[in-house]
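**Q** I would like the atomic coordinates for the input below:
(chains A, B, C and D)
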There are 2 protein chains.
Amino acid sequence: MNRRSFHRAPEGERRQELIEATLDCISEFGLKGATVRQIAIRAGVTAGLVRHYFESKDQMVAEAYRAVIASLTEKASKVEGDPETRLRDFIAINLTEPVADSRSISLWAAFISQVRVDPVLSEIHREGYLAFRNSLQELLADFLATKGKPADAETCRAFAIAINGLVDGLWVEGCLAGDLFREGELVAIAMSSVEALLGTSIGTAKQ
Amino acid sequence: MNRRSFHRAPEGERRQELIEATLDCISEFGLKGATVRQIAIRAGVTAGLVRHYFESKDQMVAEAYRAVIASLTEKASKVEGDPETRLRDFIAINLTEPVADSRSISLWAAFISQVRVDPVLSEIHREGYLAFRNSLQELLADFLATKGKPADAETCRAFAIAINGLVDGLWVEGCLAGDLFREGELVAIAMSSVEALLGTSIGTAKQ
DNA sequence: GCAGCTATTATTCAAGCGTATAATAATACG
DNA sequence: CGTATTATTATACGCTTGAATAATAGCTGC
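**A** Predicted coordinates:
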């Protein structure tokens, strides 16, 4: 009657592992397949432990969604340098790995499909989306200002919506069927499209 | 010991009702919540009937996905008139109801999240996506030709990818947070963006 | 108007779900 | 080094799930 041996994880670490295991399971088996037991196996613990760290499975899944949004936005939100560089980096980061890969969109889609169903997820989503678009809008305002172009709020809003849509749409295409595109093709198309939209070079001209 | 009374549905009709009920449940309760019993209730029959029309629940769900793709593509694929009109209609149709609404994206996202998991859904997805983009690419080729612009395959491909991304991305934005946009705003942004991308008017200039 | 066919209902089943509880192994502390 | 604490395991419970089966009600053709 021997029990499994185990080690007690340091502060907060096990929590993080469980969230990561949750995302692994969702991306591999879908929301349906992400059962408490599967998640526990993935995390290398037993199922009961989930309820030691979370009030319920639903709460754990909600925190996992927060983690997804964070991973999709954090890299793009900490671009640095002059506005032109930041704009280029913003586009490139969102359209290359690890932001653009099939795991990301599986997770994103799984949660989006629940946003209408679950008010908790809905609130998490809304916060994340607005923050993302607002930071793009500010970036565009800075960029247009340095180019001496009109940068009133209404103009920036329209550009932010269009470019956000373009980048999101290309992100989806790339994630779902990356093999249909050549290396760097999506980024190149995005760059020249943004130049056409804004009517300004963003420093990507061929030498 | 009275049984419920019922009526025998005419050829194929019940099948269609079950598929529609499946989509209703997925959009309202998510893939998890779309159980055989819920679907049967929605269709006004008992659960056992599902297996009289489909080999398994999974097969019914796969056919429901085919129906979703059809409803998302059929309206846009049968635009008529000269190329310029067709291009304008293509954009408008994809960014207004019924194609752009929260139910559509719930369904789309639910299935997309399973594409990585389920090879059957994956194949259905790939067919639908390629058909959609190819028809857009042909439309663009026609349009550019009438405008006397270069319309070689490579150019059309790049434009199709960009415009498909733009429209898809705006579609997602509109579906997820339609209340953040003014009436007709997304369509207007899409129209002027496409004009900027192609470097050509598409007949939407304000008079 | 009745005989036969089958679409539909009703019931049952094993498997898997999230959760609750109790036992116990690993650590921290005096 | 012994003892208290708690993170972790192990097990069990009630419920829901997709599916299989048997009974039957509604149609169709004669």
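**Q** Find the residue at the geometric middle of chain A.
**A** Nearest residue to the geometric centre of chain A (C-alpha atoms, centre = their mean): A:Leu72, 2.0 Å.
**Q** Surely that residue touches A:Trp108?
**A** Yes - assessed by C-beta atoms under 8 Å, A:Leu72 is found in contact with A:Trp108 at 7.0 Å. No exception for glycine: its C-beta is placed from N, CA and C like everyone else's.
**Q** What about the residue in chain A that DNA strand D sits nearest to, how many residues nearby?
**A** Minimum separation of chain A from DNA strand D (C-beta to the nearest atom of the strand) falls at A:Gly48, amounting to 2.6 Å. A:Gly48: 9 surrounding residues under other C-beta atoms under 10 Å in any protein chain shown.
**Q** Please apply the same query to A:Leu49.
**A** 17.
**Q** In terms of helices and strands, where is the closest residue to it other than its chain neighbours?
**A** Residue nearest to A:Leu49 in three dimensions, not counting chain neighbours: A:Ala40, with 6.5 Å by C-beta to C-beta, 6 or more residues apart in numbering or on different chains. For A:Ala40, the element it lies in under DSSP states H and E is helix A:36-43.
**Q** Show residues contacting that helix.
**A** Helix A:36-43 has contacts (C-beta atoms under 8 Å, 6 or more residues apart in numbering or on different chains) with A:14, A:17-18, A:20-22, A:24-25, A:29, A:46-47, A:49-50, A:57, A:60.
**Q** With stretch A:111-125 instead?
**A** Residues from elsewhere that reach stretch A:111-125 (C-beta under 8 Å, 6+ apart): A:31, A:58, A:62, A:65-66, A:68-69, B:26-31, B:33, B:102, B:105-107, B:109-110, B:113, B:176.
**Q** residues of the helix holding A:Ala40 that come out buried?
**A** Within helix A:36-43, the residues scored as buried using 16 or more other C-beta atoms under 10 Å in any protein chain shown are A:36, A:38-40, A:42-43.
**Q** need those residues in JSON lines with distance to A:Ala76, can you?
**A** Converted to JSON lines, the buried residues of helix A:36-43 look like this (distance: C-beta to C-beta, whole Å):
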{"residue": "A:Val36", "distance to A:Ala76": "33"}
{"residue": "A:Gln38", "distance to A:Ala76": "31"}
{"residue": "A:Ile39", "distance to A:Ala76": "28"}
{"residue": "A:Ala40", "distance to A:Ala76": "33"}
{"residue": "A:Arg42", "distance to A:Ala76": "28"}
{"residue": "A:Ala43", "distance to A:Ala76": "28"}
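**Q** Let me have these in CSV, extended by distance to DNA strand D and pLDDT.
**A** Output for the buried residues of helix A:36-43, formatted as CSV (distance: C-beta to the nearest atom of the strand, whole Å; pLDDT from 0 to 100):
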residue, distance to DNA strand D, pLDDT
A:Val36, 9, 98
A:Gln38, 14, 98
A:Ile39, 12, 98
A:Ala40, 7, 98
A:Arg42, 12, 98
A:Ala43, 9, 98
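**Q** ok, so of those, who is nearest DNA strand C?
**A** Nearest member of those to DNA strand C, counting by C-beta to the nearest atom of the strand, is A:Val36, at 3.4 Å.
**Q** Please report how far that closest one lies from B:Ser122.
**A** With the distance defined as C-beta to C-beta, to the nearest Å, A:Val36 ends up 27 Å from B:Ser122.
**Q** swap in A:Gly48?
**A** In terms of C-beta to C-beta, A:Gly48 sits 35 Å off from B:Ser122.
**Q** What of A:Ile163?
**A** With C-beta to C-beta as the criterion, A:Ile163 and B:Ser122 are 30 Å apart.
**Q** I'd assumed A:Ser106 was in contact with A:Val68.
**A** No - assessed by C-beta under 8 Å, A:Val68 is found out of contact with A:Ser106, at 10.1 Å.
**Q** Show me which of the two is the more surrounded one.
**A** Neighbour totals were compared for A:Val68 and A:Ser106, and A:Ser106 leads with 25 against 21 (other C-beta under 10 Å).
**Q** residues near A:Glu28, how many?
**A** A:Glu28 has 15 nearby residues by other C-beta under 10 Å.
**Q** ok, now how distant is the residue nearest to it when sequence neighbours are not counted from A:Ser106?
**A** Among residues not flanking A:Glu28 along the chain, B:Val117 sits closest, at 7.0 Å (C-beta to C-beta, 6+ apart). Applying C-beta to C-beta, the value for B:Val117 to A:Ser106 is 8 Å.
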